[in-house]
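Enquirer: kindly return the folded structure for what I paste below:
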Amino acid sequence: MSERRVRTRFAPSPTGYLHLGGIRTALYNYLLAKKFNGDFILRIEDTDQTRFVPEAQEYILRALKWLNIEPNEGVGFTDNGFGPYIQSQRKDIYREYAELLVEKGAAYYAFDTDEELENMHKRLSAANVSNPQYNFVSRDFMKNSLTLPKEEVEERIKSGEKYVIRFKIFPNKTVRFYDIVRGWIKVDTSTLDDKVLLKSDGMATYHLASIVDDHLMQISHIIRGEEWLPSAPLHVLMYEAFKWERPEFIHLPLLLKPDGKGKLSKRDADEGGFPIFPFSYYDNKINKDVIGFKEKGFLPEAIINAVALLGWNPGNNKELFTVEELIDSFSLEKLQKSGARFNYKKFEWFNHQFIMKKSNEDILDILKENVGIDNLKKYNSTQLSEICEITKERAFFKQDIYENIKYFFYSPNFSKITENQKQLMDNGFDENKINVAMYFISNFLEDINTKPWDFKSLHDILKLKLEKNNLTFKEIMPVFRLAIFGEINGPDVIKSMIILGKNETNKRFIKFKETILYFF
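Expert: Numbers count the residues shown, from 1 in each chain. You can find the predicted model right below:
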């Protein structure tokens, strides 16, 4: 670890909505900064104005706050003397440093028109050049300050002619740099092209803006996606040209599709019916709503835990982490090199685990939102605690909590008997099996009517009675649940009966029995 103060940055481009890959990049930057009591900075890299999405910046800020991985510096947060943190507000700064590179002989002015650039590519293609580009060969026959007389260059600039500033690549050299994830990397400069640093409209490209900002903002570690790895050699050369100390490079592995074949995309999420964005939004390009993790019912702490393990291994079998535990355990050396496969079922599992970890008081707050305080008065504090506990057992999403507790506050609607019967038929129950189950349940309720209603007693009686009648839970429980809850799925029947009480349980079964007998 560098002796410099740890300063990391999340620098998204507002050309789209923050997705899973961006969340992971932000999280790793956050964890590293917090681990070493450093600074986590949010910078908006909006140099690509042609693809700018007006709502994207606010979406990013809301997402980071919801996920509780908030920066302590940057856009929407504190300015510690390194701002502004939006690149479109720093144009003059970038021009100054682009001109400095020209003075150093590390960059040059290029006046080529779009037509001239297109013709250059055509000539190189006709000459069987596999990858036509503006480089140390082609620049010699182009219109730039390396081929034009100094006086003509000055006159063109003075007259207001449009130009760009390109970085000058010197061929036949080796760029060598260390990436904490990938080790030593070597690249022959002859394979690189002369990238544009300053565009004709005066806006810097990503290459110039990010290098200048990272230096001026004293960034110690650059944690970014694997897609930026091809740009790293150019950035190393730029640091050398400026004679600046270079930050540590960390290029994260790709997030892969669920089948592991290729990079995870928005299309995969759409086709698979799973979220990869924090919040839902309306996509004007496809004219439909895109579902988000929050609206799907995910807890932010579950997403953070799941995302943390997409490319990072703690080195043990531990899977569940609080944010504080992640900060304490996080290590750059434990980041993996190979791609990380997205497993949506695992995300669901994490969400279930964090719902289970919630206190009954937290669950009760959710109940208040859904059933109202007056309805809660039907039960005492002990019963409410039991309802919360039983509710958590089956909840994979936040809305499942309400789906599971409604059975305790609202009587089943048996008027939709056709739908009820279809639920049973779909689960292999014909009229005879339903009658067998009804007869068994009726006898069971009669047997326990005078018995203490505690879990062990009722469960033991039920189990013994099933064995005596040569029946299984599977043959009885769907009908039992339908009688108690109005659906074949629901919380544990015995636990629910104890909470509902003898009168309510019997009342529901009698009503269901009358409806079933009427139907048949």
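
Enquirer: which non-adjacent residue is nearest residue 443?
Expert: residue 465 (7.6 Å; Cβ to Cβ, 6 or more residues apart in numbering). Placement of C-beta: from N, CA and C, glycine included.

Enquirer: can you verify that neighbour is assigned to a strand?
Expert: No. The assignment for residue 465 is helix, going by DSSP: H, G, I helix; E, B strand; the rest coil, so no strand is present there.

Enquirer: number of residues surrounding it?
Expert: 16 (other Cβ atoms under 10 Å).

Enquirer: I'd like to know how far it sits from residue 439.
Expert: Separation of residue 465 from residue 439 (Cβ to Cβ, to the nearest Å): 12 Å.

Enquirer: what's the answer for residue 211, then?
Expert: To residue 439, residue 211 is 79 Å away according to Cβ to Cβ.

Enquirer: look at the two and report which has more neighbours.
Expert: Ranked by neighbour count (other Cβ under 10 Å), residue 211 and residue 439 place residue 211 first, with 25 against 11.

Enquirer: so for stretch 327-338, what gets flagged as buried?
Expert: Within stretch 327-338, the residues that qualify as buried by neighbour count (16 or more other Cβ atoms under 10 Å) are 327, 329-330, 332, 335.

Enquirer: with pLDDT, distance to residue 61 and secondary structure added, can I get those residues in a markdown table?
Expert: Shown next, in a markdown table, are these (pLDDT from 0 to 100; distance: Cβ to Cβ, whole Å; DSSP: H, G, I helix; E, B strand; the rest coil):
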| residue | pLDDT | distance to residue 61 | secondary structure |
| --- | --- | --- | --- |
| 327 | 97 | 22 | helix |
| 329 | 96 | 27 | helix |
| 330 | 96 | 23 | coil |
| 332 | 96 | 26 | helix |
| 335 | 96 | 26 | strand |
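
Enquirer: ok, so of these, who is nearest residue 120?
Expert: Comparing those against residue 120 with Cβ to Cβ places residue 335 closest, at 40.6 Å.

Enquirer: got the contact list for that closest one?
Expert: Counting by Cβ atoms under 8 Å, 6 or more residues apart in numbering, residue 335 makes contact with 28, 180-181, 250, 252-253, 311-312.

Enquirer: quick one: residue 446 is in a strand?
Expert: No. Using three-state DSSP, the assignment for residue 446 is helix, not a strand.

Enquirer: okay, now it: neighbour count?
Expert: 10.

Enquirer: give me the pLDDT for it.
Expert: In this model, residue 446 is scored at 93, pLDDT.

Enquirer: tell me the phi and psi of residue 47?
Expert: The phi and psi values for residue 47, taken as degrees, to the nearest 10, are phi -70, psi -20.

Enquirer: so residue 496 touches residue 477, yeah?
Expert: No. Between residue 496 and residue 477 there is no contact under Cβ atoms under 8 Å: 11.6 Å.

Enquirer: for this protein, name the helix or strand with the lowest mean pLDDT.
Expert: helix 417-426 (a mean of 70; mean pLDDT, DSSP states H and E).

Enquirer: select from the contacts of residue 335 every entry located in strands.
Expert: Among the contacts of residue 335, the ones falling in strands (DSSP state E) are 250, 252.

Enquirer: in ChimeraX, how would I select just the buried ones from the contacts of residue 335?
Expert: Buried residues among these (16+ other Cβ under 10 Å), as a ChimeraX selection:
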select :28,180,181,250,252,253,311,312
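
Enquirer: a markdown table for the contacts of residue 335, including pLDDT and distance to residue 400?
Expert: Below are those laid out as a markdown table (pLDDT from 0 to 100; distance: Cβ to Cβ, whole Å):
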| residue | pLDDT | distance to residue 400 |
| --- | --- | --- |
| 28 | 98 | 30 |
| 180 | 96 | 40 |
| 181 | 95 | 38 |
| 250 | 97 | 37 |
| 252 | 96 | 32 |
| 253 | 94 | 32 |
| 311 | 94 | 29 |
| 312 | 96 | 29 |
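
Enquirer: out of the contacts of residue 335, which one sits closest to residue 458?
Expert: Lowest distance from residue 458 to those (Cβ to Cβ) belongs to residue 312, with 46.2 Å.

Enquirer: and the closest residue to that closest one other than its chain neighbours, how far is that from residue 182?
Expert: Nearest non-adjacent residue to residue 312, counting by Cβ to Cβ, 6+ apart: residue 335, 5.4 Å away. From residue 335 across to residue 182, the span is 10 Å (Cβ to Cβ).

Enquirer: enumerate every residue touching residue 39.
Expert: Taking Cβ under 8 Å, 6+ apart as the test, what residue 39 contacts is 5-8, 33, 72-73, 80.

Enquirer: give the closest residue to it in space, chain neighbours not counted.
Expert: Closest residue in space to residue 39, ignoring its immediate chain neighbours: residue 7 at 4.6 Å, by Cβ to Cβ, 6+ apart.

Enquirer: count the residues that sit near residue 426.
Expert: Around residue 426 there are 10 residues (other Cβ under 10 Å).

Enquirer: part of a helix, is residue 279?
Expert: No. With three-state DSSP as the criterion, residue 279 is coil rather than part of a helix.

Enquirer: quick check: it touching residue 290?
Expert: No. Residue 279 is beyond contact range of residue 290, at 9.2 Å (criterion: Cβ under 8 Å).

Enquirer: all strands for the chain, in order.
Expert: Using DSSP E, the strands of the chain run over 7-10, 39-42, 73-74, 107-110, 164-167, 174-179, 183-188, 196-198, 221-225, 248-252, 255-256, 281-283, 288-290, 340-341.

Enquirer: can you redo those as JSON lines with distance to residue 234?
Expert: Converted to JSON lines, the strands of the chain look like this (distance: least, Cβ to Cβ, whole Å):
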{"stretch": "strand 7-10", "distance to residue 234": "19"}
{"stretch": "strand 39-42", "distance to residue 234": "23"}
{"stretch": "strand 73-74", "distance to residue 234": "25"}
{"stretch": "strand 107-110", "distance to residue 234": "12"}
{"stretch": "strand 164-167", "distance to residue 234": "7"}
{"stretch": "strand 174-179", "distance to residue 234": "8"}
{"stretch": "strand 183-188", "distance to residue 234": "9"}
{"stretch": "strand 196-198", "distance to residue 234": "10"}
{"stretch": "strand 221-225", "distance to residue 234": "13"}
{"stretch": "strand 248-252", "distance to residue 234": "12"}
{"stretch": "strand 255-256", "distance to residue 234": "24"}
{"stretch": "strand 281-283", "distance to residue 234": "33"}
{"stretch": "strand 288-290", "distance to residue 234": "34"}
{"stretch": "strand 340-341", "distance to residue 234": "26"}
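
Enquirer: right, so of these, which gets closest to residue 273?
Expert: Taking Cβ to Cβ, strand 288-290 is the member of the strands of the chain nearest to residue 273, at 11.3 Å.

Enquirer: which positions in that closest one come out as buried?
Expert: For strand 288-290, the neighbour count (16+ other Cβ under 10 Å) marks residue 290 as buried.

Enquirer: contacts for it next, please.
Expert: Strand 288-290 has contacts (Cβ under 8 Å, 6+ apart) with 17, 266, 269-270, 275, 277, 280-283.
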